[in-house]
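Enquirer: Predicted model, plus sequence, below.
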Amino acid sequence: MKILLDFLPILLFFATYKYADNHQDWASAFATEHLGGFVAGGQIGPMTAPVLLATVVVIVATLLQVGILAARKQKIDTLLWVSLGIVVVLGGMTVWFNNETFIKWKPTVYYWLASIAMLATQYLFRKNPLQALMGAQLQLPDPIWRRLTWAWIAFFVALGFLNLYVAFNYPTSTWVTFKVFALTGLMFAFIVGQFFFIAPHAKEPGEDAKPTGR
């Protein structure tokens, strides 16, 4: 259930965009009628209507995601709050200015903010962010935690640049597919790779971890 809830906004974004992109005249008329009051100029053309409708859907879906977790009294992760804030701000700008550029920045801003947060936790608060998050379930030597942290920081920075490259060098339809499937696939592959890296160094909780490496 939680996995479905986590992927709900991005799946709805993809489905809405694809449907609207295949029915651009309908999307333009529908968006103009229902969103025209929130758009500068009031008119939404067939080229921008699909991404505007998808953006509104992802904002509502993310709000719904947070609302469901709150109603069930489940913990709402900090990164979900960050994602909500980014999608509301950049999504709102996308709708108001009738310009898809803002929502295309959303993944990059999210990844780069995550990188900055990890750096700040590591060097300002003198606390390893991954160890703080997973230390109760996984015991690793300190040098391994540091390498993992730097690997995630580098990965997030790279994803941010990759998103911008695809967003502004390929059609919007290509970017939407890339955002939903390629970025998710890269994240999954990176996580799997981390397990292979961690496995030789992992200790059972409570077992002393001996420092290794540099």
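Expert: Great, that's in hand.
Enquirer: How far does the host helix or strand of Glu33 sit from its chain's centre?
Expert: Using DSSP states H and E, Glu33 falls within helix 24-35. How far helix 24-35 lies from its chain's middle: 27 Å, per C-alpha atoms, centre = their mean, to the nearest Å.
Enquirer: got it, and stretch 113-120?
Expert: For stretch 113-120, the distance to the chain centre is 14 Å (C-alpha atoms, centre = their mean).
Enquirer: cool, and stretch 40-47?
Expert: On the basis of C-alpha atoms, centre = their mean, stretch 40-47 sits 27 Å off its chain's mean C-alpha point.
Enquirer: Report the buried residues of it.
Expert: Residues of stretch 40-47 classed as buried under the neighbour-count rule (16 or more other C-beta atoms under 10 Å) are Ile44, Pro46. The C-beta positions use only the backbone N, C-alpha and C, and glycine is treated the same way.
Enquirer: mind checking the end-to-end distance for that stretch?
Expert: Stretch 40-47 has its terminal residues 16 Å apart, counting by C-alpha to C-alpha, to the nearest Å.
Enquirer: pLDDT of the helix holding Glu33, averaged?
Expert: Averaging pLDDT along helix 24-35 yields 95.
Enquirer: ok, residues contacting that helix?
Expert: Contacts of helix 24-35 with the rest of the structure, by C-beta atoms under 8 Å, 6 or more residues apart in numbering, involve 20-21, 39, 42-47, 49-50, 52-53, 56, 95.
Enquirer: can you tell me which of these are in helices?
Expert: With DSSP state H as the criterion, helices contain Ala20, Asp21, Ala49, Pro50, Leu52, Leu53, Val56, Val95 from among those.
Enquirer: of these, closest to Phe178?
Expert: Asp21 (14.5 Å; C-beta to C-beta).
Enquirer: what's near enough to touch that closest one?
Expert: Ala27, Pro50, Ser173.
Enquirer: what do you get for Asn163?
Expert: Lys104, Pro107, Thr108, Tyr111, Phe178, Lys179, Leu183.
Enquirer: just Arg126 next, same as before
Expert: Contact analysis of Arg126 by C-beta under 8 Å, 6+ apart lists nothing.
Enquirer: following the longest helix along the chain, which helix or strand shows up next?
Expert: Identified as the longest helix of the chain according to DSSP H is helix 142-169. Next helix or strand after helix 142-169 toward the C-terminus (DSSP H and E): helix 172-177.
Enquirer: export that next one as PDB, just CAs?
Expert: Extracted C-alpha coordinates of helix 172-177, given in PDB (Å, rounded to 0.1, in the frame of the first residue of the first chain):
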ATOM      1  CA  THR A 172       8.400  17.400 -23.400                       C
ATOM      2  CA  SER A 173       6.800  14.000 -24.100                       C
ATOM      3  CA  THR A 174      10.300  12.400 -24.100                       C
ATOM      4  CA  TRP A 175      11.100  14.200 -20.800                       C
ATOM      5  CA  VAL A 176       7.900  13.000 -19.200                       C
ATOM      6  CA  THR A 177       8.700   9.400 -20.100                       C
END
